[in-house]
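**Q** This is the structure alone, sequence omitted:
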């Protein structure tokens, strides 16, 4: 072990937050991780507590068979950990994963509040620099479905075609993303902030009905090819979470190829605000296009073969010609008001990735035949 490595004790090491935190700590290096899970003995826990430089106390009970388990898992275990830390001669960082339920009068919330109070009393002695996170619902990859995360349960069920059960569609939940949680907790290792209570940002409030609708739309995307609006930070994070719940055999899905003797045309993805992407395959000697648009614009990127792309201005008659190949990737813009075509002048199939600034609407195609 290097001399400058920080010894970090992580309780609840098999849990959702811990697993995401551990992999980040391992990526960063410079840490010796001491992991405490259900099978860890008291002797091992004491040994690690006495020698550690920091603690991420992530263990807890939130779905017990009886109320006493709240106190055993959330309060008594915290007290035991603090008793072991009394023999540690260093001032350590102590990061505690509490819950917003600590503000509410229910058995789980009371047990979390009691654990917080034990930590606060111990912190007054100056032995630990304490940070408490009162977390709302945390979502993201690797969270256990059908346990205590509505996002994990919905993603698991929808990705497998299982009906989801909604008891109160109008109920609101507050969500934070696992990467935001992990990054903020890691900052606490170095933070000199005097505030003990830390708030992960951003928080995403949403009603259960809307959450379910978003996740169901991700499932339909494979049929209608419409990508979610990932410019919205919450939707980006929720979509990433949904995909992580796919079964491995479902990672791949087919597209619809429109084929004829000239080649094929296949839509890849559509977006609500940024148009669509398609793949066009053209046989040798074949010309496609010979049309123009009032408003629609496109970008052509030849990725295989050799193409000649021709233009003629619909008003002035000015013309232009470009030869592009898959050996040197170059984008050709297709402006509005120019009739244009693309010809395969090579000996192999010509493959072109095409972007249009709007999705195709058969009722308003904005496409007019005119030979170049």
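**A** Noted; the coordinates are in hand. Given the structure is predicted, the values throughout are model-derived calculations rather than measurements.
**Q** Pull the residues that contact stretch 323-336.
**A** Stretch 323-336 is contacted from outside by 292-309, 311, 322, 340, 345-346, 351, using C-beta atoms under 8 Å, 6 or more residues apart in numbering. In this view, the C-beta of every residue, glycine as well, is placed from N, C-alpha and C.
**Q** what helix or strand is the residue nearest to residue 292 when sequence neighbours are not counted on?
**A** Leaving aside its sequence neighbours, residue 292 sits nearest to residue 339 (C-beta to C-beta, 6 or more residues apart in numbering; 4.0 Å). Following DSSP states H and E, one finds residue 339 within strand 338-344.
**Q** The helix or strand following that strand - contacts with which helices or strands?
**A** Where DSSP H and E defines the elements, the next helix or strand beyond strand 338-344 is strand 350-356. With contacts taken as 3 or more C-beta pairs under 8 Å, 6 or more residues apart in numbering; DSSP states H and E, strand 350-356 sits against strand 276-282, strand 298-304, strand 306-313, strand 338-344.
**Q** Which one, of those, ends up nearest to residue 144?
**A** strand 276-282 (35.3 Å; C-beta to C-beta).
**Q** ok, now how distant is residue 354 from residue 164?
**A** 37 Å (C-beta to C-beta, to the nearest Å).
**Q** can you check residue 120 too?
**A** 40 Å.
**Q** re the thing from before, just the buried ones from the contacts of stretch 323-336?
**A** Taking 16 or more other C-beta atoms under 10 Å as the criterion, what is buried in the contacts of stretch 323-336 is 292-293, 296-298, 300-302, 304-309, 311, 340, 346, 351.
**Q** Is residue 284 inside a helix or a strand, and which specific one?
**A** Applying DSSP H and E, one finds residue 284 in no helix or strand.
**Q** where does the closest residue to it other than its chain neighbours land on pLDDT?
**A** Among residues not flanking residue 284 along the chain, residue 344 sits closest, at 5.2 Å (C-beta to C-beta, 6+ apart). Residue 344 is assigned a predicted lDDT (pLDDT) of 98.
**Q** residues contacting residue 344?
**A** 282-287, 305-307, 350.
**Q** List the contacts of the strand or helix carrying residue 267.
**A** Following DSSP H and E, one finds residue 267 within strand 263-271. Residues outside strand 263-271 that contact it (C-beta under 8 Å, 6+ apart): 224-227, 229, 255-258, 276-283, 286, 288, 349-350, 353, 359-360.
**Q** Show me what residue 128 is bridged to.
**A** residue 92 (DSSP bridges).
**Q** and it, how far is that from residue 319?
**A** Taken as C-beta to C-beta, the span from residue 128 to residue 319 is 76 Å.
**Q** swap in residue 304?
**A** 26 Å.
**Q** is it possible to export the contacts of residue 344 to CSV including distance to residue 17 and pLDDT?
**A** Shown next, in CSV, are these (distance: C-beta to C-beta, whole Å; pLDDT from 0 to 100):
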residue, distance to residue 17, pLDDT
282, 51, 98
283, 54, 98
284, 57, 98
285, 60, 98
286, 56, 98
287, 58, 98
305, 50, 98
306, 53, 98
307, 51, 98
350, 50, 98
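**Q** Just send these back as TSV, with distance to residue 235 too.
**A** Shown next, in TSV, are the contacts of residue 344 (distance: C-beta to C-beta, whole Å):
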residue	distance to residue 235
282	36
283	40
284	43
285	45
286	40
287	41
305	37
306	40
307	36
350	36
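**Q** For PyMOL, what selects the buried ones among the residues you listed?
**A** In PyMOL, a selection of the buried entries from the contacts of residue 344 looks like this (16+ other C-beta under 10 Å):
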select buried, resi 282+283+286+287+305+306+307+350
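**Q** From the contacts of residue 344, pick the one nearest residue 86.
**A** When those are compared against residue 86 (criterion: C-beta to C-beta), the nearest one is residue 305, at 73.1 Å.
**Q** quick one, what contacts the residue lying closest to that closest one once chain neighbours are set aside?
**A** Counting by C-beta to C-beta, 6+ apart, residue 305 lies nearest to residue 350, which is 3.6 Å off, once chain neighbours are set aside. Shown in contact with residue 350 (C-beta under 8 Å, 6+ apart): 263, 281-284, 302, 304-307, 342, 344.
**Q** Rebuild those as a markdown table, extending it with distance to residue 210.
**A** A markdown table is the format used below for the contacts of residue 350 (distance: C-beta to C-beta, whole Å):
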| residue | distance to residue 210 |
| --- | --- |
| 263 | 42 |
| 281 | 40 |
| 282 | 44 |
| 283 | 47 |
| 284 | 51 |
| 302 | 42 |
| 304 | 43 |
| 305 | 46 |
| 306 | 50 |
| 307 | 45 |
| 342 | 43 |
| 344 | 47 |
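**Q** Quick one: list the elements packing against the helix or strand bottoming out on mean pLDDT in the chain.
**A** Ranked by mean pLDDT, DSSP states H and E, the weakest helix or strand in the chain is helix 68-70, scoring a mean of 87. Applying 3+ C-beta pairs under 8 Å, 6+ apart, one finds that helix 68-70 makes contact with helix 107-123.
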